[in-house]
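Everything below, folded, please.
(chains A, B, C and D)
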Number of protein chains: 2
Amino acid sequence: MHEQGRDQATAGRVAVSASNVRRLHPDAATCDTCEARGFNMCHALSADELARLAAIMSPQRIEAGTTFIEEGCPADELFNLTGGTVKVFKLLADGRCQVTGFMMAGDFLGLSRGGTYAYSATAITPVSFCRFQRSQLRCLVDELPKIERQMLGLAMNELMAAQDQMVLLGRKTARERIATFLLTLSVRAARRGQPANPIDLPMTRGDIADYLGLTTETVSRSLTQLKGDGVISLKGNHSATILDAEGLAAIAGIEDGELPSAPDHIA
Amino acid sequence: MHEQGRDQATAGRVAVSASNVRRLHPDAATCDTCEARGFNMCHALSADELARLAAIMSPQRIEAGTTFIEEGCPADELFNLTGGTVKVFKLLADGRCQVTGFMMAGDFLGLSRGGTYAYSATAITPVSFCRFQRSQLRCLVDELPKIERQMLGLAMNELMAAQDQMVLLGRKTARERIATFLLTLSVRAARRGQPANPIDLPMTRGDIADYLGLTTETVSRSLTQLKGDGVISLKGNHSATILDAEGLAAIAGIEDGELPSAPDHIA
DNA sequence: CGTATATTTGATATCAATCAATACTCGTGG
DNA sequence: CCACGAGTATTGATTGATATCAAATATACG
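From the prediction side, this is the model:
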């Protein structure tokens, strides 16, 4: 599959061998696998505090296609992604699927309600993450309130993204949804220090459809239309290039500051 | 308007005169206006801590129709609702509106991005809330991590609601959306110690439409249809009674635990 | 009790879904 | 290196759910 090597690329500045990654480092003063990128739980902790976090953390990799969180199952573990892309989704009884987000390095997974996971999560590329026992993290958090602050920031970030997505799902046309999606992915990549263009699309058209509340066919038609309008070009199934960012933003119905940016600290 | 007196009812156990409410109580050991109901920022603080919170808090009431938060304006203040109902919404450039939530007592408002509010908020009934200066709350939070924990709980709660709403907006039919909406309001009322039936609908059909990604006409038709099916009855424009909860849940596509409940503490 | 506003109901239009082939990708194996 | 084939994506024809446009009622407040 085309995902080969993606995870390496995502790993960015921190070069860790696979064997290294699998081992636990209770004494490590920093959390290499977690610390590397962006908004992250380890951020802003002292060396000593990081060591305590590292002690309860277990790095791991999984291959593309693995569903590692299942909605409704006991939510004993939490995950902090360090590489790769995950689709987070909820299913209706008849199989209708809504993808609530594509998660990448720095994102946090494992939201639970009544002791069970609130959603399912499947790796769409090879994925690496730090795994925590919820019970252990809860203890540590009591002593290190900074972790809670960090998690509040992550939760607010996600909440704002969710609100933007509600606008998209409730009020935007198919064309606007696709334009918004491409711009958002591009900005997100840039924020994570990767090129904003071309845009990497690890997910299938069906995944995009399930995220945007459309069908595979409509996603395909809308992309083709945007290509015809000259605002994007497509290469293979998993790459898109923005040719006219301003035009794409106009189609997306985005004025200026609506693209993902960090929330302010207290709410 | 029919909203007269609603706020009194919502205020529940804590009877405070209007003049009382407008005054600041720096020495109060408890925060009467805030503490009363449900999931709330003041919850779980000691008397001393509550006093410190009360010192930076300013209770206030506003009348129905008042827009007290405007998307894009400087986000200097935060609000903790203590009574009434607020619609939170985002607008597209051409005027399309998406209501991202109806907020009630205990809910927290004021999410900001880059120093400006991420959404607008309008009172749809008379509303009472506690108002905080963001800068002051930020200072207090540094000393009282419990507040941050409380806010994390609120944020996770909202995040789960937002994810459920994404499923609704992306994948449910008009009929399913209305059924889900009614059940959710009913459960929310029950959780706040109010009767689950009949359901109070302070918002207009247009507000409901903007929340569910539909039009006023479709909301009306779907309600009429559910009434025809005998699962609900309607009285006036602002009250609905569930006649067949099981039938309504079946239409909503809800299996069991999908209705709003508290999140578990750590994610 | 009357009026402005909100809601319901009806007729038609439209965007996206569905049903149905066809073409392309990309990993595999010759 | 190229040909194969399973999965994926595109394209086409048609349907259908909901939006839109247009009255007719109902509500609720003065």
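
is any part of stretch A:215-231 close to chain B?
No. Using CB under 8 Å from any CB of the partner chain, we find that stretch A:215-231 stays clear of chain B, coming within 11.1 Å at best. All C-beta spots, glycine's among them, are computed from the backbone N, C-alpha and C.

Which positions within that stretch qualify as buried?
A:218-219, A:222-223, A:226, A:231 (16 or more other CB atoms under 10 Å in any protein chain shown).

Identify, from those, the entry nearest to DNA strand D.
Of all these, residue A:223 has the smallest distance to DNA strand D: 5.4 Å, by CB to the nearest atom of the strand.

residue contacts, the closest one?
A:178, A:232, A:234, A:240 (CB atoms under 8 Å, 6 or more residues apart in numbering or on different chains).

repeat that with 10 Å
Taking CB atoms under 10 Å, 6 or more residues apart in numbering or on different chains, we find residue A:223 in contact with A:175, A:178-179, A:181-182, A:201, A:205, A:208, A:232, A:234, A:240.

Spell out which parts of chain A neighbour DNA strand D.
By CB under 7 Å from any atom of the strand, the residues of chain A that approach DNA strand D are A:204-206, A:216-217, A:219-221, A:223-224, A:234, A:237.

Distance to residue A:254 added to these, as a markdown table?
Output for those, formatted as a markdown table (distance: CB to CB, whole Å):
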| residue | distance to residue A:254 |
| --- | --- |
| A:204 | 25 |
| A:205 | 23 |
| A:206 | 25 |
| A:216 | 25 |
| A:217 | 25 |
| A:219 | 19 |
| A:220 | 23 |
| A:221 | 21 |
| A:223 | 18 |
| A:224 | 22 |
| A:234 | 21 |
| A:237 | 25 |
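
related to what we said a few turns ago, just the ones of the buried residues of stretch A:215-231 in strands?
Per DSSP state E, strands hold no members of the buried residues of stretch A:215-231.

Columns distance to residue A:118 and pLDDT on top of those residues, output as CSV?
Conversion of the buried residues of stretch A:215-231 to CSV gives the following (distance: CB to CB, whole Å; pLDDT from 0 to 100):
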residue, distance to residue A:118, pLDDT
A:218, 28, 98
A:219, 26, 98
A:222, 30, 98
A:223, 31, 98
A:226, 33, 98
A:231, 36, 98
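
Out of these, list just those in helices.
A:218-219, A:222-223, A:226 (DSSP state H).

and the residue nearest to residue A:226 when sequence neighbours are not counted, what are its bridge partners?
Using CB to CB, 6 or more residues apart in numbering or on different chains and skipping residues adjacent in sequence, the residue nearest residue A:226 is residue A:232, 4.9 Å away. With DSSP bridges as the criterion, the beta-bridge partners of residue A:232 are residue A:242.

circling back: of the contacts of residue A:223, list those near DNA strand C.
Contacts with DNA strand C within the contacts of residue A:223, counted by CB under 7 Å from any atom of the strand: residue A:175.

Widest-spaced pair of the contacts of residue A:223?
A:175 and A:201 (17.1 Å; CB to CB).

How far does stretch A:225-232 stretch from one end to the other?
9 Å (CA to CA, to the nearest Å).

Which residues does the residue nearest to the spatial centre of chain A form beta bridges with?
Against the mean C-alpha coordinate of chain A, by CA atoms, centre = their mean, the closest residue is residue A:103 at 1.5 Å. On the basis of DSSP bridges, residue A:103 is bridged to residue A:86.

same deal with residue A:59?
residue A:130.

Around it, how many other residues sit close by?
Neighbour count for residue A:59, taken as other CB atoms under 10 Å in any protein chain shown: 22.

pLDDT at it, what is it?
Looking at residue A:59, its pLDDT is 96.

Tell me the spacing between it and chain B.
18 Å (CB to the nearest CB, to the nearest Å).

so what's the residue lying closest to residue A:121 once chain neighbours are set aside up against?
Leaving out its chain neighbours, the residue that sits closest to residue A:121 by CB to CB, 6+ apart is residue A:69, at 3.9 Å. Neighbouring residues of residue A:69 by CB under 10 Å, 6+ apart: A:75, A:77-79, A:86, A:88, A:109-112, A:117-122.

which residues touch the residue of the stretch 151-267 of chain A found nearest DNA strand D?
Across the stretch 151-267 of chain A, no residue is closer to DNA strand D than residue A:220, which sits at 3.0 Å (CB to the nearest atom of the strand). Neighbour list for residue A:220: A:178, A:205, A:208-209, A:214 [criterion: CB under 10 Å, 6+ apart].
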